[in-house]
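Asks: the following block contains a protein sequence and its predicted model.
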Amino acid sequence: MRFPAVVLPWFLTAVAGTGALTSQELLLATTTSVRDSGLLDELLPDFQAETGIRVLVVAVGSGAALRMGAEGNVDALLTHAPDGEMELLEAGQAVSRIPFMQNHFLIAGPIDDPGEVTSAQSAVGAIRRLAAAEASWVSRDDDSGTHRRENALLSAAGVDPGEGWPGFIRTGSGMGLSLQVAGERRAYILADLGTFLALGRRAGLVALFSSDDESLRNIYSYLRIDPERFSRVHAAEAKTLEEYLLRPATLARITSFGQERFGTALFGALELAHETP
């Protein structure tokens, strides 16, 4: 089963494709998980108030965001697909990549856990159980960072990501809608911690398997697109946002975001390392 994907060609045509941004605006392509967590709503109003720069956000899967960056249709990226980000950097389409925050993926599902995921020893083991039981599973199937990680886990579990199993549902949509579908279908799903805490419980799902294992580590990076290759890129504004996000005060806000509402932070800060071509 497949649900229609949500695309934004009208936005890119109307804004990025025509160079309609002003010198005090910035086009940021980011993941639906960052948008749905509410983090940008927390940070960007203060950034605009301080700098006068308005950030226009396009929230799509990381794969789509990386393609926008590769074509010079955005000024900066905030994504969580390390392999794709490095390809962009090595191709010279981005001038820098800075991993600066992280959380973890988890497997969520119905509270009665018919697939017995909670007793699994690893995420790969949990997926093997679900595949053997032909349990309902919701896949974003949108080439997002989450979808790419799901494919890696499926492959490690001996499951063809393109085939799945009976009960495998593909939404082609972002994390928020996919969590809603999983709740309605009493299905399992791979989700990032931030979006799950913000939206997953509302869908009637519970976190059934999580760990600090490297296979579930979820790293978010900020990339600036090369203005020499793409003349319409707002390089100064992208650099100003980078500096704002990497300030100790901003990183402190990121690491406390969600603590009051959910009892735990949705993201953690990383030790900063600048990567350039």
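Replies: Right, received. Where do you want to start? Note that this is a predicted model, so its numbers are computed, not measured.
Asks: rest of the way, CA atoms for contacts and neighbours
Replies: Will do.
Asks: buried sites along stretch 109-120?
Replies: 109-110, 113-115, 117-118, 120 (16 or more other Cα atoms under 10 Å).
Asks: neighbouring contacts of it?
Replies: 126, 129-130, 133, 135, 182-183, 186-189, 204-209 (Cα atoms under 8 Å, 6 or more residues apart in numbering).
Asks: kindly recompute the last result at 6 Å.
Replies: Contact with stretch 109-120 is made by 126, 130, 186-188, 205-206, 208-209, as judged by Cα atoms under 6 Å, 6 or more residues apart in numbering.
Asks: ok, now stretch 206-226?
Replies: Taking Cα under 6 Å, 6+ apart as the rule, stretch 206-226 contacts 75-80, 93-109, 111, 118.
Asks: start and end of it, how far apart?
Replies: 42 Å (Cα to Cα, to the nearest Å).
Asks: what are the buried residues along that stretch?
Replies: Residues of stretch 206-226 classed as buried: 206-210, 216, 218-226 (neighbour count, 16+ other Cα under 10 Å).
Asks: low-confidence bits of the chain, can you list those?
Replies: Filtered on pLDDT under 70, the chain yields the residue ranges 1-23, 273-277.
Asks: pop the domain breakdown of it in here.
Replies: As given by automatic domain parsing, the domain ranges for the chain are 9-103+219-269, 104-216.
Asks: start from the N-terminal end of the stretch 1-150 of the chain and give the helices.
Replies: With DSSP state H, counting those that start in this stretch, the ranges of helices along the stretch 1-150 of the chain come out as 9-14, 32-37, 39-51, 62-70, 82-90, 123-133, 145-156.
Asks: TSV for the ones you listed, including mean neighbour count?
Replies: Putting those into TSV (neighbours: other Cα atoms under 10 Å) gives the following:
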stretch	mean neighbour count
helix 9-14	12
helix 32-37	23
helix 39-51	14
helix 62-70	23
helix 82-90	18
helix 123-133	19
helix 145-156	21
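Asks: can you list those in TSV and add distance to Phe230?
Replies: TSV is the format used below for those (distance: least, Cα to Cα, whole Å):
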stretch	distance to Phe230
helix 9-14	15
helix 32-37	25
helix 39-51	24
helix 62-70	10
helix 82-90	14
helix 123-133	41
helix 145-156	25
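Asks: nearest to Glu237, out of these?
Replies: Proximity to Glu237 (Cα to Cα) singles out helix 39-51 among those, at 9.2 Å.
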